[in-house]
Each structure stands twice: as structure tokens, then as C-alpha cells.
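> Fold the following.
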Amino acid sequence: MSDARPQGSTRLVVPEICESKVLVKSMGIVGWQTDRSAVVALMAFASAIILSLTLERFATWGNIFTLLRSISVVGILALGMTFVVMGRNIDLSQVAIALISTGAVAKMLSTGIPLPTATLCGAGLALIMGSVNASAATWAGIPPLFATLATSMLFVGLARSSILPGASIQLPGGSGWLGSLGGTIGGFPIPPLVLAFCATLAHLLLDRTVPGRFVRAIGINSRTASLAGLPLIRMAWLQYLVSAMAAFIAGLIMLSSSGLVDLQLANSTLIFDVLLVVVLGGVSLSGGQGGILGVMAATVFIGILMNAMTILDVGSQVQSIAKGAALLLVIVADGFFRRGDTIASGI
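Now for the predicted structure:
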């Protein structure tokens with residue numbers, strides 16, 4: 001007996017089944033991720049208590065404010081990186097985008113261009129660089145790791161040969177709210193307030209909107225998400241544009257806090273600090289797993305440890321060794337948990 005079902009019915013039913021499967025799995029991960037986030041938050045709390053009791057200069061208002069300032073830039077960059085890694089991508093050009101876009105703002109301000117215009121142009125430049133990353137990773141089909149590593153060098157080279165010929169550029173005086181962004185309000189530093197606001201927006205975007213759930217679903221299983229009709233390419237573009245805007249905001253804080261943009265930071269290990277925070281916070285490099293709460297807890301935890309090492313006058317080379325070892329350890333652990341999740345879920 002021949003099958004009486006019309007041929008078109010399969011194409012109508014399969015997307016609905018696939019979409020439900022992907023979204024149900026994405027919601028099912030939340031409980032496990034909440035536990036992992038709680039562990040990282042507990043580690044941060046315990047380390048703060050121990051250091052407060054054992055390190056004389058740690059539990060002072062001055063040091064606490066310094067700690068909060070220091071984690072703000074890494075935290076904001078980590079928010080953008082979280083959105084990218086969640087969808088099985090990566091962005092190694094974040095620091096370059098942050099420096100170049102805000103360097104352009106400082107350059108325009110020094111030539112007399114009004115602050116609103118300069119800020120909009122800087123944001124537009126960041127989005128252009130994010131679009132280049134998205135194009136390389138989607139239309140050109142280059143693996144995101146290599147695409148964004150190459151664009152990072154490309155962006156810095158083009159900037160040095162055109163709009164930012166010097167290694168650094170200072171923020172001119174009279175820069176309005178931009179000059180105050182790295183300051184305080186009511187005695188409390190502004191950068192951690194910006195971080196908290198950005199973290200709230202990132203959480204709402206990732207867990208309370210359809211595009212955010214699509215990004216998580218694509219990270220869990222891109223093939224099933226494609227069968228479900230999810231727009232993989234458009235979601236990849238959204239990820240890189242969000243990452244670029246996070247980089248621009250972090251760059252504005254760096255510019256306001258230090259008073260200058262130093263392009264040499266593009267060659268620093270800052271991007272690896274961001275990756276350390278993201279993976280330690282529970283965001284799997286294979287995508288789909290993680291959340292903003294865990295990333296923020298990891299940001300505080302790593303910030304506390306780095307602050308303690310600074311107080312103890314631990315050398316920068318030793319700090320680099322510690323961070324490198326920690327990054328390697330969390331990547332290995334991520335691979336271990338990822339294999340276990342794959343076996344358990346059957347994805």
C-alpha cells in the first residue's frame with residue numbers, strides 16, 4: 001500500500017518537531033548551569049572571605065573600588081564573548097575593536113568634532129568591524145578562530161596606517177560625559193555600574209528573547225536548528241555585532257579611565273583573560289551552555305585572585321603563568337563535561 005501522506009507534509013512537520021526538540025534541550029540545560037554558576041559564585045565568595053581575613057590591605061574600600069574598576073572592562077568584553085561562544089563561534093578581535101573604535105573617538109574629539117558625532121562614528125566603526133568578522137565566518141566560510149585572529153591583525157594594521165598612526169592617542173580635555181565615565185558618582189565608581197547594566201541587558205537578550213534562545217539552540221545542535229528553520233547566518237551576524245558593541249563600550253571605559261588609547265594592548269593577553277572568565281563561568285566552547293550569572297561570578301572570582309596577587313607583589317610573569325594554567329585547566333574540564341553531556345543527552 002502506498003503512503004497516502006502528501007509530500008509537502010514532511011516539510012511542514014519536521015521543522016516543528018526539530019524546533020521543539022532544540023528549544024526543550026536548551027531549557028533543560030538551565031538547571032545544570034545554575035548549579036555550576038552557584039559553584040563559581042561560592043568560590044568567589046569564599047576567596048573574598050579568606051583574603052579579607054589573611055590579607056591586610058584586601059578588605060579596604062579603596063582596594064574594593066580598585067577591584068571593581070579592574071573587572072569592569074574584562075566583564076563587559078566577556079558579556080559579548082559569551083553571546084558569540086554560545087552560538088559556537090569565537091571573537092579574538094574584541095580587544096582590537098575596542099581600541100580602534102575608541103581611538104577613533106579620541107582622534108575625532110581632538111580635531112573638534114562634537115562628542116555625540118564622534119561617539120556615533122566610533123560605534124559605527126565597531127559595527128563595521130563586527131560585520132567583517134561575521135562575513136568572514138559565514139559567507140567566506142572561514143573557521144571563526146582563524147577568521148577573527150586574522151581580522152584582529154588586519155584591523156590594527158589598517159588603523160596604524162591610517163587614522164591612528166601613533167601607538168597611543170590621548171583623550172582631550174573637555175570631553176563631557178566621556179571624561180567622567182571612568183570616574184565616580186556619589187563616591188562609587190561608575191565602570192562597575194555600567195557592567196551591571198550591560199549584564200542585565202545581556203541576560204535579558206540571551207534568556208528572555210527569541211533571538212537569544214535561537215543562539216543557544218544553534219549552539220546545542222546547529223544541524224537540528226537548521227532543520228527547524230532557524231536563521232543560522234543571521235544569528236551569527238547578530239552575535240558578532242553584539243560582541244563588537246560590547247567591545248566598544250569596554251573601550252570607552254578604558255579610554256575614560258586611563259585617558260588614552262594604547263594600541264599595544266591589542267598584543268596583550270587581555271583577550272585570553274576574557275576567554276578564561278567565559279569558560280570558567282560555565283560557557284562551553286562547543287556552544288549552547290552557560291549563562292550571564294556564571295560569567296559574572298567568574299569575572300569577580302578571577303578579579304579577586306588577580307587583585308590579591310597584585311597586593312602580594314607577584315610578578316607579571318607569574319601571573320601570566322597562573323592565568324595560562326587556569327585557562328588550560330578550564331578548557332580541559334570543559335571538554336570533559338562536554339563529552340559527558342553529549343553521551344547523556346544523545347545530541
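
> And the helices in the stretch 1-150 of the chain?
Along the stretch 1-150 of the chain, the segments classed as helices by DSSP state H, counting those that start in this stretch run 8-28, 30-54, 61-86, 94-110, 115-137, 144-160.

> among the ones you listed, which is nearest Met254?
Closest to Met254 of the helices of the stretch 1-150 of the chain, according to Cβ to Cβ: helix 61-86, at 5.6 Å. (Each C-beta comes from the backbone N, C-alpha and C, glycine too.)

> pLDDT averaged over the longest helix seen in the chain, what's the number?
Counting by DSSP state H, the longest helix found in the chain is helix 316-345. Averaging pLDDT along helix 316-345 gives 75.

> got the phi/psi numbers for Leu260?
Backbone geometry at Leu260, expressed as degrees, to the nearest 10, gives phi -160, psi 170.

> Phi, psi for the nearest residue to it once chain neighbours are set aside please.
In this structure, Leu260 finds its nearest non-sequential neighbour in Gln170, 4.5 Å apart by Cβ to Cβ, 6 or more residues apart in numbering. Torsion angles at Gln170 (phi, psi; degrees, to the nearest 10) stand at phi -90, psi 150.

> Also Pro189?
When read as degrees, to the nearest 10, the backbone of Pro189 gives phi -60, psi 140.

> where's it relative to Gly173, distance?
As judged by Cβ to Cβ, to the nearest Å, Pro189 and Gly173 stand 21 Å apart.

> okay, those two: which has more neighbours?
Remark: of Pro189 and Gly173, Pro189 carries more neighbours, 19 against 8, as counted by other Cβ atoms under 10 Å.

> give me the low-pLDDT residue ranges for the stretch 151-300 of the chain?
Low-confidence segments of the stretch 151-300 of the chain, defined by pLDDT under 70, are absent.

> circling back: packing partners for the longest helix of the chain?
When contacts are defined as 3 or more Cβ pairs under 8 Å, 6 or more residues apart in numbering; DSSP states H and E, helix 316-345 sits against helix 270-280, helix 292-311.

> so the residue nearest to Leu260 sits right up against Ala106, yeah?
Yes - assessed by Cβ atoms under 8 Å, Gln170 is found in contact with Ala106 at 6.9 Å.

> Can you show me the strands along the stretch 151-300 of the chain?
Here the stretch 151-300 of the chain has its strands, by DSSP state E, counting those that start in this stretch, at 168-170, 184-185, 188-189, 260-262.

> list the buried ones in the last one?
Looking back up the chat, that one is strand 260-262. By neighbour count on 16 or more other Cβ atoms under 10 Å, the buried set for strand 260-262 is Val261.

> TSV for the strands of the stretch 151-300 of the chain, including distance to Leu125?
Listed next are these as TSV, based on distance: least, Cβ to Cβ, whole Å:
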stretch	distance to Leu125
strand 168-170	14
strand 184-185	28
strand 188-189	27
strand 260-262	13
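
> any chance of the helices of the stretch 1-150 of the chain in CSV, with mean neighbour count and distance to Trp177 too?
Below are those laid out as CSV (neighbours: other Cβ atoms under 10 Å; distance: least, Cβ to Cβ, whole Å):
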stretch, mean neighbour count, distance to Trp177
helix 8-28, 14, 39
helix 30-54, 15, 31
helix 61-86, 23, 16
helix 94-110, 27, 12
helix 115-137, 20, 7
helix 144-160, 18, 25
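
> ranking these by mean pLDDT, which is last?
Mean pLDDT is lowest for helix 8-28 among the helices of the stretch 1-150 of the chain, at a mean of 40.

> residues near Glu56, how many?
Using other Cβ under 10 Å: Glu56 sits among 9 other residues.

> so what's it scoring on pLDDT?
86.

> how close does it get to Ala44?
Taking Cβ to Cβ as the measure, Glu56 falls 20 Å from Ala44.

> Ala78 too?
Applying Cβ to Cβ, the value for Ala78 to Ala44 is 14 Å.

> ok so, going back, mutual contacts of Gln170 and Ala106, please.
Leu260 (Cβ atoms under 8 Å, 6 or more residues apart in numbering).

> In stretch 214-230, which residues are buried?
214-222, 224-225, 227-228, 230.

> Reformat the helices of the stretch 1-150 of the chain as TSV; add distance to Gln239.
Formatted as TSV, the helices of the stretch 1-150 of the chain follow (distance: least, Cβ to Cβ, whole Å):
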stretch	distance to Gln239
helix 8-28	16
helix 30-54	19
helix 61-86	5
helix 94-110	12
helix 115-137	8
helix 144-160	9
